[in-house]
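S.K.: following is a predicted model, sequence given first.
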Amino acid sequence: MLAGPLVVVVAYPLGQLLVASALVDRRISGTVYTRVLAEPDYWRAFGHSLAVSTAATVVAGLIGGALAWVVARTDIPGWVALRRWLVIPYMIPPFVAAFAWHGLLGPAGYLNQAYLTLSHAGPVFTIYGAAGIVFVLAMTTYPLFLILVARALDQMNAELEEAAEISGASPGRVMRDITLRLVAPAFASAAMLAFSGDLSNFGVPALLGDPVGFRVMTTAIYATVQDVTVPNHLSVAAALSVWLALAALAVALFQLWTHAQGRHVIIGGRGGRTRPVRLGRWSAPVTAGAWMLGLVTTGGPLASLAMLALTRAYGLPPAWGNLTWQHFLELPSDPLVRTAVTNSAILTVAAATTTAAIGFVISYLRVRSHSRFAAVLDYVSGIPYVIPGTVIAIAMILAWIQPLPVLRVSIYNTLWILWLAYCARYLAVPIRGLNSALRQYDGALEEAAAGAGATPLRIVRDVAAPLVWGSLLSSWLLVAVPALNELTVSILLYGPGHETVGVAAFLMIRDGRIATAAAFGLLMILVVVLGDAVARRVSRGRAALW
Amino acid sequence: MRRKPDRYALIALTCLIAVAATSDIPVSQADTVSGTITYYTVKPTELVNKVVTDFQAKYPGVRVEVYRAGSGDVIARFSAEQQAGAIKADVITLADRPFVQTLARQSLLEPVRSRWLSSIDPRYVYDGGRDFETELVAIAIGYNTRLIQKPPTRLKDLLDPAYRNKIIIPDPGYSGAAFAMLATLVNTRAFGWDFYRGLKQVGTLVGQGNPAAAQAIASGERPLAAITYGDVLSLKQRGSPVDIVFPKDGLVVVPQPTGVLRTSHNLAAAEAFADFCLSPEGLADSAAFGYATVNPQIRPQGLPSFAGIPVLSADWKTASAQHAKFLSQFRAIFGLH
């Protein structure tokens, strides 16, 4: 019975994906794969995916890593505020960030226009294509490095560095041999998260790559689903999805392997407050540089959205006479906005509650019963977390497009299929959180309750659940906030009248309703920032969106 | 003597016909129609929103769910549903005449019974009354009024090297209107494929749909476009610095038929919606967005006249048979894949 939900949301859809990619006219055949693999366009898209994700990860790592060291190790003034300020870009949904940066750096963006009035040489930088995609992805993912590396630096025992210094090592040597080695695991896990996030991203390449014909795997799969002139287009999309899923799984396995190799070092206990590096005469430039970077990466997109949203009509120059609140005021009466907000609210609550409930059961069995079955459930629920959302969406279409056996209705084109897909996508989040929360308590309390004659249900209700209540609540929020802005899965599964917030924003951008899209995008960011604040408050700082 | 009864008979017959005719008109009274219908359309979002809002105000029991995209995407969704045997759309509007014609031939479209049929120009009712047009869609030259002081007046002017890297056209694979333009021009001796090769030579960008191209004109990203005029005019209405010119060397007319699907689960509401689209009220919404409508009485304000411009029309039989070939040749010229 427990396996039921996992079969419905994970095993059956992924099975259908494999079947569809290997079936041609109801016969098992490898022709779809041979056809797909013989097509240079798909190889190009795959190459683009790898190249863009690698480049964005490297750029984000350099920026985020340097900033982490600055905020965690140096005596830079106002480091607490700086840390908060610098992670805001992580709360901007990537495709909203792409849209916002396009407003600044598009061929007719505000920055390019300002530059053009100074010189007529041409735009400084055009955001379309590989460079722009890398830029936007790096801008939205560098906070991951900042957060994880800075946390590792916080927890690292600074006495190790001190000891090296006392033994006569140069600052460069200390950095290379001690600091970098110790933060390497944190750096690696941030890199893995960033890389797989970039690989699965749909919105950024769709907005910045499609206009110049630059395809990556996620946009190629989307285009294949849309293109009925391709024979067996869903099978081709399935084969491409398997290909992309294998790449993502390889990344996840590589991470497990490095973990098992013991390359990671367990960071020693906290040795009191770590000694800040004195910046001395570098203080002013480093401080200015860090704040400027924050101003650009956070302020840039927000200012761009605000300008686009406040300008009376798209294309008018930024001038006082052209400003208006109209686009914000019109949002509540926009039919698409109303539908999308209602749907996303329903889906978010449903998906977060379902995943928390199923997650709690799986996690409880896993931690307390040590049964092999529970371990299998735990692993299975983790699969959709590592494979890209596009793949999950294709699997859901293939699994559920046909009418259900007894009811004779198809859940395709309804909110139900989105609900299933969201559950699959986010199920691993509460399980991870709850596994570690439950491991912090041993089973003694439950055993005592059992000894006192409590029924199993009562034990869970009165003992186990209250113990992990905080974790449960924060994992609920950790699912809810990203689900609210979800685009990658929703864009493939939504039907008329079942648009979500992410889909609505994406459609507005595509349909040229720029001002409305910008106003709506600002509201989306506001909701994430508030959601994050609530998550911190609820978990007393233990859980945040990162 | 014998004439009198005849005359009475004639009157009686006339009355009978009249009664029969009226009873043929669906009694789509606002209070008897209810439920949800789904409308698949390629019309600009803001126009659709307006028509739907006005319709729902008149028929408070009906909710219209809209799927709006370019013809390419709408057909993709529709075909997938058709294959799965679950057509979701109740009413459909496509800028792809051959596709709608096929639907009509497969008897998938319900014959239109609207009391407003007589008020519209009969040239815009197709396939034996199974589908009809509401707005007259045509390709215009759209331009940014801040960046282009003297807009080109002919399509051929777009090939002038002075417009290098200034032009955008929608993708005929996505936009039915852009495909109609392609199918029309390559079959017109004065244009042919050379016209598209010329566009490529001046660095013309292929965008996605008409709304996106209109947006590129407004921002100045690409200040010139060959585009459906309604998408430009709806931005102009909002105050964007854009305008249109109807090219003197040929008006490409884009048929954009609407039909009611026979598979609809709520035929009464679907027919009421189609009826509303044809009504003076519904057409007034189109006119308010700058469209010429199929009802000669309902005219937009300030639409430049296209009287006297030669109308170019496609050979739709060839065009639909060679849909894929036209697209691949287009993509080859522009180096798209």
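M.R.: In hand now; what should we look at?
S.K.: where do the helices sit along the stretch 51-200 of chain A?
M.R.: A:79-86, A:94-105, A:110-118, A:130-155, A:158-166, A:171-174, A:180-200 (DSSP state H, counting those that start in this stretch).
S.K.: which of those helices is buried the deepest?
M.R.: Sort the helices of the stretch 51-200 of chain A by mean neighbour count, taking mean count of other C-beta atoms under 10 Å in any protein chain shown, and helix A:94-105 sits at the top with a mean of 27. For the C-beta atoms, the positions are set from N, CA and C on the backbone; glycine is no exception.
S.K.: low pLDDT regions in chain B?
M.R.: B:1-31, B:337 (pLDDT under 70).
S.K.: typo on my end, chain A
M.R.: Within chain A, the ranges that satisfy pLDDT under 70 run A:1-2, A:25, A:116, A:118-124, A:261-276, A:539-546.
S.K.: how about the residues of it by chain B?
M.R.: Contacts of chain A with chain B, taken as C-beta under 8 Å from any C-beta of the partner chain, map to A:41, A:106-108, A:113, A:210-211, A:213, A:215, A:225-229, A:234, A:312-317, A:334-336, A:339, A:401-403, A:410, A:412-413, A:495-497, A:507, A:510-514.
S.K.: which of those residues count as buried?
M.R.: Burial by neighbour count, 16 or more other C-beta atoms under 10 Å in any protein chain shown: within these this picks out A:106-108, A:113, A:210-211, A:215, A:225-226, A:228, A:234, A:312-316, A:334-336, A:339, A:401, A:410, A:412-413, A:495-497, A:507, A:510-514.
S.K.: among these, which are in helices?
M.R.: Judged by DSSP state H, helices contain the following of those: A:113, A:225-226, A:234, A:335-336, A:339, A:507, A:510, A:514.
S.K.: and which of these is nearest to B:Leu103?
M.R.: A:Gln226 (19.4 Å; C-beta to C-beta).
S.K.: contacting residues around whichever strand or helix holds B:Gln101?
M.R.: Counting by DSSP states H and E, the element that carries B:Gln101 is helix B:97-105. The contact list for helix B:97-105, computed with C-beta atoms under 8 Å, 6 or more residues apart in numbering or on different chains, reads B:71, B:75, B:92, B:94, B:109, B:126-128, B:130-131, B:180, B:255, B:257, B:259, B:261, B:316, B:319-320, B:323.
S.K.: what about residue 89, neighbour count?
M.R.: In the absence of a named chain, this looks at chain A. 25 (other C-beta atoms under 10 Å in any protein chain shown).
S.K.: wait, I meant chain B there
M.R.: The burial count for B:Ala89: 25, using other C-beta under 10 Å.
S.K.: you'd agree it is in a helix?
M.R.: No. According to DSSP: H, G, I helix; E, B strand; the rest coil, B:Ala89 belongs to no helix; its state is coil.
S.K.: need the distance between the two termini of stretch B:256-266.
M.R.: Chord length of stretch B:256-266, first to last residue, is 23 Å (C-alpha to C-alpha, to the nearest Å).
S.K.: and if you look at stretch B:36-45?
M.R.: Length of stretch B:36-45, first residue to last, C-alpha to C-alpha: 19 Å.
S.K.: tell me if it is near chain A.
M.R.: Yes. Judged by C-beta under 8 Å from any C-beta, stretch B:36-45 and chain A are in contact via B:36, B:38-40, B:44-45.
S.K.: buried residues in stretch B:289-305?
M.R.: Within stretch B:289-305, the residues that count as buried by 16+ other C-beta under 10 Å are B:289-295, B:298, B:300, B:303.
S.K.: now do it: distance to the chain's middle.
M.R.: Its chain's C-alpha centre and that of stretch B:289-305 lie 14 Å apart, by C-alpha atoms, centre = their mean, to the nearest Å.
S.K.: CA atoms only: put it into CSV for me.
M.R.: C-alpha atoms of stretch B:289-305 as CSV (Å, rounded to 0.1, in the frame of the first residue of the first chain):
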residue,chain,number,x,y,z
PHE,B,289,-8.5,46.8,-31.2
GLY,B,290,-8.2,48.3,-34.6
TYR,B,291,-9.4,45.4,-36.7
ALA,B,292,-11.5,45.7,-39.8
THR,B,293,-14.4,43.2,-39.2
VAL,B,294,-16.6,41.0,-41.4
ASN,B,295,-19.6,43.2,-40.7
PRO,B,296,-19.3,46.2,-43.0
GLN,B,297,-21.2,48.3,-40.5
ILE,B,298,-18.6,47.8,-37.7
ARG,B,299,-15.4,49.6,-38.6
PRO,B,300,-12.4,50.4,-36.6
GLN,B,301,-11.2,54.0,-36.1
GLY,B,302,-8.0,55.2,-37.6
LEU,B,303,-7.2,52.1,-39.6
PRO,B,304,-5.3,53.1,-42.7
SER,B,305,-7.3,52.3,-45.8
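S.K.: which residues touch it?
M.R.: B:44, B:46-47, B:50, B:116, B:119-121, B:124, B:132-137, B:229-230, B:233-234, B:236-237, B:244-246, B:278, B:280, B:283-284, B:286-288.
S.K.: still on that earlier bit, could you list which of the contacts of helix B:97-105 also contact chain A?
M.R.: Taking C-beta under 8 Å from any C-beta as the test, chain A is in contact with B:75, B:323 out of these.
S.K.: narrow the contacts of helix B:97-105 to those in helices?
M.R.: If you go by DSSP H, the contacts of helix B:97-105 have B:71, B:75, B:180, B:316, B:319-320, B:323 in helices.
S.K.: can you read off the backbone torsions of the most centrally placed residue in chain B?
M.R.: Closest to where the C-alpha atoms of chain B average out (C-alpha atoms, centre = their mean) is B:Gln256, at 2.9 Å. Main-chain torsions, B:Gln256, degrees, to the nearest 10: phi -140, psi 70.
S.K.: let me see the contact set for it.
M.R.: Residues near B:Gln256 by C-beta under 8 Å, 6+ apart: B:42-43, B:93-95, B:133-135, B:137, B:176-177.
S.K.: of the contacts of helix B:97-105, keep whichever come out buried.
M.R.: The neighbour count (16+ other C-beta under 10 Å) marks B:71, B:75, B:92, B:94, B:109, B:126-127, B:130-131, B:180, B:255, B:257, B:259, B:261, B:316, B:319-320, B:323 as buried among these.
S.K.: ramachandran coordinates for the residue nearest to A:Leu310 when sequence neighbours are not counted?
M.R.: Distances taken as C-beta to C-beta, 6 or more residues apart in numbering or on different chains place A:Leu323 nearest to A:Leu310, at 4.9 Å, with adjacent residues excluded. Dihedral pair for A:Leu323: phi -90, psi 150, per degrees, to the nearest 10.
S.K.: which residues touch A:Leu323?
M.R.: A:310-312.
S.K.: find the nearest non-adjacent residue to B:Leu251, please.
M.R.: B:Ile309 (4.5 Å).
S.K.: ugh, wrong one, I meant B:Lys236
M.R.: Per C-beta to C-beta, 6+ apart, closest to B:Lys236 is B:Val242, 5.1 Å.
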